[in-house]
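K.L.:
let's see this in three dimensions:
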Amino acid sequence: MICYPNAKINIGLNVVEKRQDGYHNLETIFYPVPLCDALETVYHVDGKTPYTFSNTGIEVDARPEDNICIKALNLIRKKYDVPPIQIHLHKQIPFGAGLGGGSADGAFMLNLLNKEFKLDISENELHEMAAQLGADCAFFINNKAAYATGIGDQLQTIDLDLSGYYMALIKPPVHVSTPEAYSGIVPKPSTESLVDLIQLPVEQWKHHIKNDFERSVFANHPEIGKMKMDLYEAGALYASMSGSGSSVFGLFKEEPQLKLKDTYFKWIKKL
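P.N.:
So this is what the prediction gives:
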């Protein structure tokens, strides 16, 4: 069986408080976008080896047992019978981009195993399992636009449809670590609800919807901030960094023409 884990963007991101456990509570809008990996599982030929893992596309630089797909498999095997399988991941969503590519792979693995082996795991249990894999993994179980709070694990489905717009995603060869991104943040409660702001026309979002990480990330990595300005100069109605970076996206009425360095990742598609 094969599935296509997709990326997400963050529309707005407010870091509202630091928790006693060291994590931060936030509020954001998760929106799925059709930039996809490909994940395939088949029965293992020898019927004995618990799993094998292979990877093409962007290299997954980790031991198989540390890969989130294998973690998802092992999590399900704690309660359910899954036979030996071969797993192949073709990776296209860039790492460290704020696009949730790894989280999507883990969540889609849970869904895939549930369907392929008819495990009848409830949606609630899949959400609980996904939350154990990562803060935003649970979003990809339903994979619909959602208002997220907590550490990104408390989800409320919202009515948001960006179909018809062109989206441009750009990522420079820059890595922004999570500790670095949070080091420049001073948490504070938001004064306006993202659920309300998202109802405004897209053209007005740039005046009201912000990403708290941009200020410090742009200061440390000016090229990321420049990409946002380049998107606006190319005609974007709204542009923002996704998550804690380092990718930036723009929404356009017409397909944009962007000239970028060869080392930059670029993806443009009509939604």
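
K.L.:
check which helix or strand E223 maps to.
P.N.:
helix 222-233 (DSSP states H and E).

K.L.:
least confident secondary structure element in this structure?
P.N.:
When the helices and strands of the chain are compared on mean pLDDT, DSSP states H and E, helix 178-183 comes out lowest with a mean of 85.

K.L.:
now what about the helix or strand just after it, what contacts it?
P.N.:
Note on helix 178-183: by DSSP H and E, the next helix or strand toward the C-terminus is helix 194-197. Outside of helix 194-197, the residues within contact range by C-beta atoms under 8 Å, 6 or more residues apart in numbering are I11, G12, N14, E27, T28, I29, Y147, Q156, I158, W205, H208, I209. (Glycine included, C-beta is placed from N, CA and C.)

K.L.:
would you format those as JSON lines with pLDDT, distance to A107 and secondary structure included?
P.N.:
Below are the contacts of helix 194-197 laid out as JSON lines (pLDDT from 0 to 100; distance: C-beta to C-beta, whole Å; DSSP: H, G, I helix; E, B strand; the rest coil):
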{"residue": "I11", "pLDDT": "98", "distance to A107": "20", "secondary structure": "strand"}
{"residue": "G12", "pLDDT": "97", "distance to A107": "22", "secondary structure": "strand"}
{"residue": "N14", "pLDDT": "96", "distance to A107": "24", "secondary structure": "strand"}
{"residue": "E27", "pLDDT": "96", "distance to A107": "21", "secondary structure": "strand"}
{"residue": "T28", "pLDDT": "97", "distance to A107": "17", "secondary structure": "strand"}
{"residue": "I29", "pLDDT": "98", "distance to A107": "18", "secondary structure": "strand"}
{"residue": "Y147", "pLDDT": "97", "distance to A107": "18", "secondary structure": "strand"}
{"residue": "Q156", "pLDDT": "96", "distance to A107": "17", "secondary structure": "strand"}
{"residue": "I158", "pLDDT": "96", "distance to A107": "19", "secondary structure": "coil"}
{"residue": "W205", "pLDDT": "98", "distance to A107": "27", "secondary structure": "helix"}
{"residue": "H208", "pLDDT": "96", "distance to A107": "30", "secondary structure": "helix"}
{"residue": "I209", "pLDDT": "97", "distance to A107": "25", "secondary structure": "coil"}
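
K.L.:
among the residues you listed, which ones are buried?
P.N.:
Buried residues within these, counting neighbours by 16 or more other C-beta atoms under 10 Å: I11, G12, N14, E27, T28, I29, Y147, I158, W205, I209.

K.L.:
one step back: and the helix holding E223, average pLDDT?
P.N.:
Averaged over helix 222-233, pLDDT sits at 95.

K.L.:
could I get the buried residue list for that helix?
P.N.:
Within helix 222-233, the residues that count as buried by 16+ other C-beta under 10 Å are I224, G225, M227, K228, D230, L231.

K.L.:
check contacts around the residue nearest the centre of the chain.
P.N.:
Nearest residue to the geometric centre of the chain (C-alpha atoms, centre = their mean): G100, 2.0 Å. Shown in contact with G100 (C-beta under 8 Å, 6+ apart): A7, K8, F30, I93, D136, F139, F140, G243.
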